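[1] quick one, what's the 3D model for this:
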Amino acid sequence: MEQKMLRVYIFMLFLFSGGANVFAQIQLKSEYIAPSVYKDENGNKIGGEGNLQTFEGSARLPLYVRKNENGRLTAWIVALGGTYASMKNKEMPSDFTEKELINAQMGVMHLRPLNEKWSILAILGAGMYTSDLDKISGSSFLGQGGVLFIRHANKNLDWGAGIALNNVLGYPMIFPSLYLDWKMEGKYKFKLSMYNTFEAEISTLLSKSFNLGIHAESKGLMAAVEKDGSKKYFVMQYGYIGIQPEFRIGKYVSIPIVGGIVVSREAYFRSRTLKAFFSSKDDYPHFGVSPYFSIGIRYGL
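    Numbering: from 1, shown residues only. Modelled structure (predicted):
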């Protein structure tokens, strides 16, 4: 299976889940990616440049949480998430007409222990993925679900695998899904997560209200579109790394700021067919390296 497309579709399923964290959390965030040149899959400049600005919000609200005698949690959680992205492009190829993306998801998660070392996480939800609110159709909405079996290897490491189900091709399909959550505490904190996205961070607490670290993450957005008389997806994937100062306000509120670079930003159209899904490319049309900046506010228990 073509790895990059699989990563996008699995990302869609778990975008709103936030992993197996059952605690309440609300987050708002804005990103800005500076303009850079647009290149074809061979890295050749084909004219034009563009930037990206996003506004996103998410909320995870536990409805029921109970801890058993082994410290394992049973929980029901409602999760909501949405992203609006705008692109200001200049002199782009004539077929690159998308100027905005709107992604919204909602879902219900259920986490429960199977025994002392294993838990199961089930997810059921739906999402809307469009580039124009005036042209929303049935293909803009996707049903999503999945089941993960999570192994609690030790206090710092959880890993697991399972299946994800969605209708990205217009009919239900099953995909494999992987989970990794590795954290280390101490003078320096380390976090590596591979679930809804790839995310890595190393940081240190300089004072009780200020944290400084290096943060890296890969993300994705998409929209169902109709182009040349056929149904397609417009896909944008990007990854960044940067310095992250984080200011804490009281016990539950923090303001993370990231300044760095986007090391990759792919943007391309993909046919909504089984043949296109299984086709393979080493690279896709993409924007060049560019500066990255984000600021957010997060409330979490």
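
[2] for Met128, see how far away the closest residue to Leu274 other than its chain neighbours is.
    With sequence-adjacent residues excluded and distances taken as C-beta to C-beta, 6 or more residues apart in numbering, Leu274 is closest to Leu169, at 6.1 Å. Bear in mind the C-beta positions are built from the backbone N, C-alpha and C, glycine included. Going from Leu169 to Met128 by C-beta to C-beta, to the nearest Å gives 17 Å.

[3] Ser218 too?
    Distance from Ser218 to Met128, by C-beta to C-beta: 22 Å.

[4] so where does the residue lying closest to Val253 once chain neighbours are set aside fall, helix or strand?
    Of all residues not flanking Val253 in the chain, Tyr299 sits nearest, at 5.4 Å (C-beta to C-beta, 6+ apart). Secondary-structure assignment from DSSP states H and E places Tyr299 in strand 290-300.

[5] Cys161 contacts Leu178, correct?
    I think there's a mix-up here, since residue 161 is Ala and not Cys. Yes. Between Ala161 and Leu178 there is a contact under C-beta atoms under 8 Å: 5.5 Å.

[6] show the contacting residues for the nearest residue to Tyr84 once chain neighbours are set aside.
    In space, and not counting its chain neighbours, Tyr84 is closest to Phe55: 5.0 Å by C-beta to C-beta, 6+ apart. Phe55 is in contact with 29-30, 83-85, counting by C-beta atoms under 8 Å, 6 or more residues apart in numbering.

[7] ok, of the residues you listed, which one's closest to Ile174?
    Thr83 (25.7 Å; C-beta to C-beta).

[8] may I have the secondary structure class of that closest one?
    strand (DSSP: H, G, I helix; E, B strand; the rest coil).

[9] list the contacts for it?
    Counting by C-beta under 8 Å, 6+ apart, the residues that Thr83 touches are 54-56, 101-104, 221.

[10] next up, phi/psi of Asn156, please.
    With angles defined as degrees, to the nearest 10, Asn156 sits at phi -100, psi -10.

[11] try His286
    Dihedral angles (degrees, to the nearest 10) for His286: phi -160, psi 160.

[12] surely it touches Asn42?
    No. His286 lies out of contact with Asn42 (C-beta under 8 Å); the separation is 10.6 Å.

[13] from the contact counts, what lies against the one helix or strand Gly259 maps to?
    Secondary structure from DSSP H and E places Gly259 in strand 253-271. Strand 253-271 is packed against strand 25-39, strand 210-227, strand 230-249, strand 286-287, strand 290-300, with contacts defined by 3 or more C-beta pairs under 8 Å, 6 or more residues apart in numbering; DSSP states H and E.

[14] now for the closest residue to His110 other than its chain neighbours, how many residues are close by?
    In space, and not counting its chain neighbours, His110 is closest to Ala122: 4.8 Å by C-beta to C-beta, 6+ apart. If you count neighbours by other C-beta atoms under 10 Å, Ala122 ends up with 14.

[15] with Ala79 instead?
    Residues lying near Ala79 (other C-beta under 10 Å) number 22.

[16] re earlier: for the residue nearest to His110, pull up the helix or strand it's in.
    Counting by DSSP H and E, Ala122 is found in strand 118-130.

[17] angle of that strand against strand 230-249?
    If you take axes from the mean of the first three to the mean of the last three C-alpha atoms, to 10 degrees, strand 118-130 sits at 120 degrees to strand 230-249.

[18] elements contacting the next helix or strand after strand 118-130?
    Following strand 118-130 in sequence order, the next helix or strand is strand 141-152 (DSSP H and E). Contacts defined by 3+ C-beta pairs under 8 Å, 6+ apart place strand 141-152 against helix 3-14, strand 118-130, strand 157-166, strand 173-184.
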